[in-house]
Structures are given as C-alpha cells and as structure tokens.
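Peer 1: structural data only, the sequence is not supplied:
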C-alpha cells in the first residue's frame with residue numbers, strides 16, 4: 001500500500017489531517033514520532049522584535065537625515081526590507097514538522113514544509129530504513145523503489161538512535 005497526498009495550503013492540510021484522523025480512529029497506533037523545529041520565539045514576539053528594530057533604525061535614520069546625512073534613510077529602508085524578507089522566510093518554516101505513525105498495516109509519514117503538507121503511506125513490512133553514512137546525512141526510508149528522506153528536524157546525534165528505534169518498531173509490525 002503506497003499513497004501520497006500533497007496539499008499547498010494550510011486549510012487543505014488541516015482537511016487531510018482530519019480525514020486521516022477519522023480513518024485511524026479504529027486502527028491502533030503502534031508508534032508515533034513527532035519531529036519539529038526548535039522554535040523558541042512566538043510569532044507575536046517575532047513581530048514585536050521586528051517592529052522595535054524598525055522603529056529604532058528609523059529614529060536613528062531620521063535624526064541623521066535631520067543633521068544633513070539624507071542618504072542614511074534609503075539605506076535604512078533597504079536594510080529593513082532585507083531583514084523583513086529574511087524574517088518572512090524564517091516565519092514560513094517556523095512550523096515545519098515531520099510526523100511518523102506506525103499502524104499494524106501501514107506506516108504514515110506526514111510532512112509540513114513551508115505550509116506545504118505531504119503525506120506518504122507505506123506497507124511497514126516492505127520498508128527498509130537506511131541511516132546516513134555520517135551523522136549529518138538524513139535517514140532514508142525505501143519501499144518498492146520509492147525513497148523518502150526523514151529526520152531533517154532531528155539533531156545529528158539523535159538520527160542513528162531514531163533509525164534504530166524505527167527499525168525495531170517495523171520488525172515488530174512484520
């Protein structure tokens with residue numbers, strides 16, 4: 001059994017998760033792993049920080065412009081635009097995660113990456129876990145010619161441990 005669902009919006013991802021929850025209520029979950037980014041700043045705190053940075057920069061630029069250094073203001077605008085773009089890119093990936101759930105007859109991999117939801121299902125008896133050659137390399141799941149990279153949000157020192165744990169859980173299923 002292999003299936004892949006990809007959604008390009010948060011609403012579609014929520015609907016796919018709801019449908020999955022309805023179909024899995026009758027099937028017991030043997031193992032459930034959730035891997036996500038370590039995001040210690042809330043979106044509100046992030047926006048307050050950017051607003052304070054912009055306010056401070058604009059006050060300094062206005063004072064310098066008032067003293068005759070008028071070129072400071074355009075450079076401040078470019079700086080704030082660049083920082084705003086970087087913050088927006090960061091914010092898009094702040095809620096990225098991978099969730100791997102093992103059921104008696106299927107392995108479900110859910111991934112949220114920059115507001116794009118992807119779900120892949122494998123038959124757990126056909127899945128092979130391939131840990132990376134080095135700790136920096138990601139873990140690969142291979143089944144019937146299809147390869148999925150997982151563990152991108154795990155610390156490097158935990159990847160081998162997770163690969164072993166997943167391999168043991170898959171053996172119990174088969």
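Peer 2: Ah, there it is. Just so we're clear, the structure is a prediction, and the values are computed from it rather than from any experiment. Numbers count the residues shown, from 1 in each chain.

Peer 1: show me the contact partners of stretch 69-83.
Peer 2: Contact with stretch 69-83 is made by 50, 53, 54, 57, 58, 60, 61, 62, 64, 65, as judged by CB atoms under 8 Å, 6 or more residues apart in numbering. Placement of C-beta: from N, CA and C, glycine included.

Peer 1: quick one, strands of the protein?
Peer 2: With DSSP state E, the ranges of strands along the chain come out as 3-7, 31-36, 97-102, 107-113, 116-122, 128-130, 139-143, 146-150.

Peer 1: need the least confident one among these, by mean pLDDT.
Peer 2: Set side by side, those give their lowest mean pLDDT on strand 3-7, at a mean of 51.

Peer 1: just to revisit the earlier point, output the strands of the chain as CSV; include the columns mean neighbour count and distance to residue 90.
Peer 2: As requested, the strands of the chain are arranged in CSV below (neighbours: other CB atoms under 10 Å; distance: least, CB to CB, whole Å):
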stretch, mean neighbour count, distance to residue 90
strand 3-7, 13, 22
strand 31-36, 15, 15
strand 97-102, 19, 15
strand 107-113, 20, 14
strand 116-122, 19, 16
strand 128-130, 15, 31
strand 139-143, 18, 25
strand 146-150, 16, 22
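
Peer 1: of those strands, give the one that comes closest to residue 86.
Peer 2: strand 107-113 (18.2 Å; CB to CB).

Peer 1: which other helices and strands contact that closest one?
Peer 2: Counting contacts by 3 or more CB pairs under 8 Å, 6 or more residues apart in numbering; DSSP states H and E, strand 107-113 is packed against helix 10-24, strand 97-102, strand 116-122.

Peer 1: who touches it?
Peer 2: With contact meaning CB under 8 Å, 6+ apart, strand 107-113 is reached by 13, 17, 20, 24, 93, 95-102, 117-124, 127, 141, 148, 150, 170.

Peer 1: in this protein, which residue is closest to the centre?
Peer 2: For the chain, the residue nearest the mean C-alpha position is residue 96 (2.1 Å; CA atoms, centre = their mean).
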